[in-house]
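**Q** Got a predicted model here, sequence first, then my questions.
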Amino acid sequence: MRKLFIVFILTFIFALAFAISVGASSYGVYDKIDALSTQEEAKIESALKDASEKTGISFYVGIGYYTDRINQFVSENMLYGSNMVVLLIENEYGTYYYQMHTRGTAIDKITINEENKLLDSSEVYDNIKSGNLADGVSNFAKKAAHAYNTKNYTPFIIFCVIVTLAGSAIFVIVIVVRYKTKIRGSTYPLDKFTTLELTGQSDSFVTKNVIRVRVRSSSSKGGRSGGGGGGFRSSGRR
């Protein structure tokens, strides 16, 4: 019984220590090439902690790692968490390069457009490229957290614009078709709505000669009636 109790206590302590280590690893900076001073590293740690607390996901930065070796970076440093944002920075012949990696909910929460904007922003790009890693990474963490927590309405706005344009186009087409139908419709039906009743007739002859003259109406000239003129409809792309 006593041994069982000891095993239980040790198991509980191990589980608690593991939980604490996992919780403590929700953010962190790993400087492989000693590019940061103590103060700079503390500044980045603070920014990553703030971003992690605001989003509920993990934020990590690796300096001196190949930017495309994300799996190696995570496994080497035994990082935990299914939802994370990772920034890897490498230095090649005095020039800094960086790449952003997302996992889990961060993939859906941070769109490609938002990702490109924050990576290309002057607060991130100019600082990292000039070697001011503390300010560059701190701004990166701040902008990434903002993008994660901000709802992206761009797809909804695009959908509304498309629906509005489509509705307007259909409305215009209906109006034009109805207008052309009225113009090209039949003339007023005199035989349907009017009648002619001849009540009397007489012929007066001045002489014995009867002269008949046929008068051509102007409507018979030209061969075609108006209203169906040919034209051109042009479409352009700019």
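**A** Received, thanks.
**Q** so residue 31 touches residue 63, yeah?
**A** Yes: at 4.7 Å, residue 31 counts as touching residue 63 under the criterion of Cβ atoms under 8 Å. Any C-beta I mention is one placed from the backbone N, CA and C, and that applies to glycine too.
**Q** which of those two has more neighbours?
**A** residue 63 (23 against 18; other Cβ atoms under 10 Å).
**Q** Contact partners for that one?
**A** For residue 63, the contact set (Cβ atoms under 8 Å, 6 or more residues apart in numbering) comprises 29, 30, 31, 32, 33, 35, 36, 89, 91, 133.
**Q** Return the subset of these lying in helices.
**A** Within those, residues falling in helices by DSSP state H are residue 133.
**Q** and the contacts of residue 63, which are buried?
**A** When those are checked for burial by 16 or more other Cβ atoms under 10 Å, the buried set is 29, 30, 31, 35, 36, 89, 133.
**Q** Mind listing the strands the helix or strand containing residue 99 pairs with, and their directions?
**A** Assigning secondary structure by DSSP states H and E places residue 99 in strand 95-103. Strand 95-103 pairs in its sheet with strand 84-92 (antiparallel), by DSSP bridges.
**Q** and the partner strand, average pLDDT?
**A** The average of the pLDDT scores along strand 84-92 is 94.
**Q** ditto for stretch 119-132
**A** pLDDT averaged over stretch 119-132 gives 95.
**Q** what bits of the protein have low per-residue confidence?
**A** 1-25, 151-161, 163-164, 167, 171, 179-238 (pLDDT under 70).
**Q** can you pull out the strands in it?
**A** For the chain, the strands defined by DSSP state E occupy 27-31, 58-63, 84-92, 95-103.
**Q** Generate TSV for those strands, with distance to residue 149 as supplementary columns.
**A** Below are the strands of the chain laid out as TSV (distance: least, Cβ to Cβ, whole Å):
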stretch	distance to residue 149
strand 27-31	16
strand 58-63	13
strand 84-92	12
strand 95-103	14
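**Q** any idea which of these is most buried?
**A** strand 58-63 (a mean of 26; mean count of other Cβ atoms under 10 Å).
**Q** could you give the angle of that one to strand 84-92?
**A** With axes from the mean of the first three to the mean of the last three Cα atoms, to 10 degrees as the basis, strand 58-63 and strand 84-92 are set at 10 degrees to each other.
**Q** What strands line up against strand 58-63, and which way round?
**A** Here, using DSSP bridges, strand 58-63 pairs with strand 27-31 (parallel), strand 84-92 (parallel).
**Q** Return the alpha-carbon coordinates of the first one using PDB.
**A** Provided in PDB are the C-alpha atoms of strand 27-31 (Å, rounded to 0.1, in the frame of the first residue of the first chain):
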ATOM      1  CA  TYR A  27       6.500  31.200 -26.100                       C
ATOM      2  CA  GLY A  28      10.200  31.400 -26.500                       C
ATOM      3  CA  VAL A  29      13.200  32.700 -28.400                       C
ATOM      4  CA  TYR A  30      16.000  30.400 -29.400                       C
ATOM      5  CA  ASP A  31      19.200  32.200 -30.400                       C
END
